[in-house]
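Student: Here's my sequence, what's the structure:
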Amino acid sequence: MRTGGFHVSPPGMPARPGPVTHKLTEGPIVPTLVAFSLPLLTTNFLHSLAGTWGAIWVSHVLGPDALTAVVNANVFMFMMMGAVMGVGTAAGIAVGQSIGAADVLAVKRIAGTSVSFVLIVSGVMALSGYVFSPALIDLMQLPAGARAPALEFLRVTCLSMPSIFTFLFLSMLMRGAGDAKTPFRFSLLWIGLGLCLSPLFLTGAFGFPRLGIAGVAFGNLLANAISLCCLVVFIYVRRLPLALRGEDFHHLKPDPSLLGVLVKNGLPMALETFIVQGAYFLLLSMVNGYGSATAAAYSGAAQLWGYVQMPAIALAASMSAMAAQNIGAGRWDRVEQIAFKGCLVSGAFTLAMTTLIYLLGDWPLMLFLPQGGEALETAHTINVIALWGWIVLSVTSGLSAIVRANAAMLAPTMIFAVTMWIFRVPFALALQPYLGASAIWWSFPVGSISSALLAFAYYRWGRWRQNRPILSETDASSAGREDGES
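Tutor: Sure, this is the predicted structure:
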């Protein structure tokens with residue numbers, strides 16, 4: 001008898017047996033969570049390190065305006081990425097629940113439909129972003145010196161979307177299946193190649209074409225494309241559950257009912273990205289309005305924020321995968337422990353990173369900004385005001401990940417909508433006449449604290465525990481079709 005889980009084989013046909021990559025329904029919570037999180041945490045750290053490496057090269061070779069151009073262009077990239085990755089998150093959760101229910105056929109269905117979706121959508125986004133890049137640059141209200149380099153960087157970045165998005169989709173599916181090590185290994189390849197190629201294409205050293213700021217984006221594109229090809233080969237050589245062979249290839253034709261369910265569950269996360277990044281767009285336009293020095297200062301400070309946020313983001317992704325498998329297996333006792341202990345571990349890591357950056361003083365900022373200048377002084381002020389606020393991000397990220405593991409996608413999106421557009425942006429707008437640019441910096445901890453309080457309230461008193469697993473909707477529609485045909 002079906003229980004509403006991820007049993008998505010045709011009614012009456014048992015799910016095909018297959019290997020389960022990693023069971024997250026057994027063992028002690030904290031060691032299992034930390035061990036499962038470490039590959040993703042290390043990957044995120046190295047990605048941030050690669051971004052820092054590129055930012056150092058850009059700022060020292062091309063100047064602070066070029067660094068401002070990169071940071072502003074990346075906001076658009078993250079917005080587009082989030083619009084697609086919502087479906088990837090839903091697909092990863094679906095895979096996790098399917099693994100928990102030992103339904104490998106469901107995994108293949110999800111993989112085929114997901115990959116087709118991301119290739120089509122990212123291709124359309126890449127073309128649209130390339131064509132409309134000048135209008136996007138105008139919307140950001142960049143300082144005059146940053147406009148031309150931002151356009152160059154943004155156009156090449158748009159062209160990298162199909163490759164990068166597909167790589168990230170496959171990584172999310174594999175982590176949902178309990179395999180965090182394979183995406184980590186191929187992310188290392190991507191990062192390592194990017195560290196080498198981006199400076200070479202930027203400067204034209206060793207006979208490489210000198211592409212300037214576009215070379216940083218092109219080096220990353222080439223590094224990712226090579227890593228994606230190697231990852232796909234590995235999936236097939238190792239015969240992992242995601243590999244489609246023979247009759248499985250028909251799953252590449254998107255299943256309308258499955259895609260509808262994934263989009264339905266991923267849409268709130270896509271909206272969340274537009275809500276969050278849209279607010280950042282507005283805040284960036286405020287920052288840019290204070291001139292080149294302030295814009296460069298924010299860009300330098302923001303480079304360090306990524307390191308503070310990394311533990312919360314990585315642990316949240318692992319908490320989601322772990323909770324999804326336990327929900328699929330009916331282990332609700334472990335889900336509650338994952339939420340509590342995961343938030344504590346995430347908060348401890350984030351606190352440690354924040355403390356380290358404060359202890360280092362201006363030294364990390366001097367990697368991007370000239371010593372003794374106005375930009376460095378402003379960046380220091382920004383971090384004094386805003387950096388500590390990211391500690392509570394661990395609560396928001398962790399609890400949002402837990403409720404999403406049971407298909408409660410809309411509530412976290414609404415929480416971020418309230419945080420950004422009722423607390424953060426109005427706070428910055430209302431207090432700028434009195435505090436100047438500091439009102440923008442104070443809006444960050446105000447937003448972080450309010451989101452954490454709202455996330456806890458929904459986790460504690462919301463009805464997310466009553467949701468059915470995501471693909472139970474496709475079971476119901478399949479059963480309905482068969483009843484109609486009979």
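Student: which stretches of the stretch 201-350 of the chain form helices?
Tutor: With helices called from DSSP state H, counting those that start in this stretch, the stretch 201-350 of the chain shows them at 213-237, 256-288, 292-328, 332-360.
Student: no wait, the stretch 351-486 of the chain
Tutor: Secondary structure of the stretch 351-486 of the chain by DSSP H, counting those that start in this stretch: the helices cover 374-386, 393-404, 410-418, 425-435, 438-461, 472-485.
Student: Dump the helices of the stretch 201-350 of the chain into a markdown table; add distance to residue 464 and mean neighbour count as well.
Tutor: (C-beta placed from N, C-alpha, C; glycine too.) Output for these, formatted as a markdown table (distance: least, CB to CB, whole Å; neighbours: other CB atoms under 10 Å):
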| stretch | distance to residue 464 | mean neighbour count |
| --- | --- | --- |
| helix 213-237 | 33 | 20 |
| helix 256-288 | 12 | 20 |
| helix 292-328 | 11 | 25 |
| helix 332-360 | 11 | 18 |
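Student: Ok, which of the ones you listed comes nearest residue 136?
Tutor: Among those, helix 256-288 comes nearest to residue 136, with 9.5 Å by CB to CB.
Student: rank the helices of the stretch 351-486 of the chain by pLDDT, which is bottom?
Tutor: Of all the helices of the stretch 351-486 of the chain, mean pLDDT reaches its minimum on helix 472-485 (a mean of 50).
Student: can you pull the contacts of residue 32?
Tutor: 24, 26, 322 (CB atoms under 8 Å, 6 or more residues apart in numbering).
Student: distance of the last one from residue 328?
Tutor: In other words, residue 322. Per CB to CB, to the nearest Å, residue 322 is found 11 Å from residue 328.
Student: re the thing from before, any idea which of the contacts of residue 32 is closest to residue 157?
Tutor: Nearest to residue 157 among the contacts of residue 32, with distances taken as CB to CB, is residue 322, at 32.6 Å.
Student: what's near enough to touch the closest residue to that closest one other than its chain neighbours?
Tutor: Nearest residue to residue 322 in three dimensions, chain neighbours excluded: residue 24, at 4.4 Å (CB to CB, 6 or more residues apart in numbering). Residue 24 makes contacts with 32, 36, 96, 178, 321, 322, 325, 326, as judged by CB under 8 Å, 6+ apart.
Student: Looking at the residues you listed, which two lie furthest apart in space?
Tutor: Top of the distance list for the contacts of residue 24 (CB to CB): 32 and 96, 14.0 Å.
Student: possible to save the contacts of residue 24 as a markdown table with distance to residue 108 and pLDDT?
Tutor: As requested, the contacts of residue 24 are arranged in a markdown table below (distance: CB to CB, whole Å; pLDDT from 0 to 100):
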| residue | distance to residue 108 | pLDDT |
| --- | --- | --- |
| 32 | 26 | 86 |
| 36 | 23 | 82 |
| 96 | 15 | 78 |
| 178 | 16 | 79 |
| 321 | 18 | 82 |
| 322 | 22 | 88 |
| 325 | 18 | 84 |
| 326 | 23 | 87 |
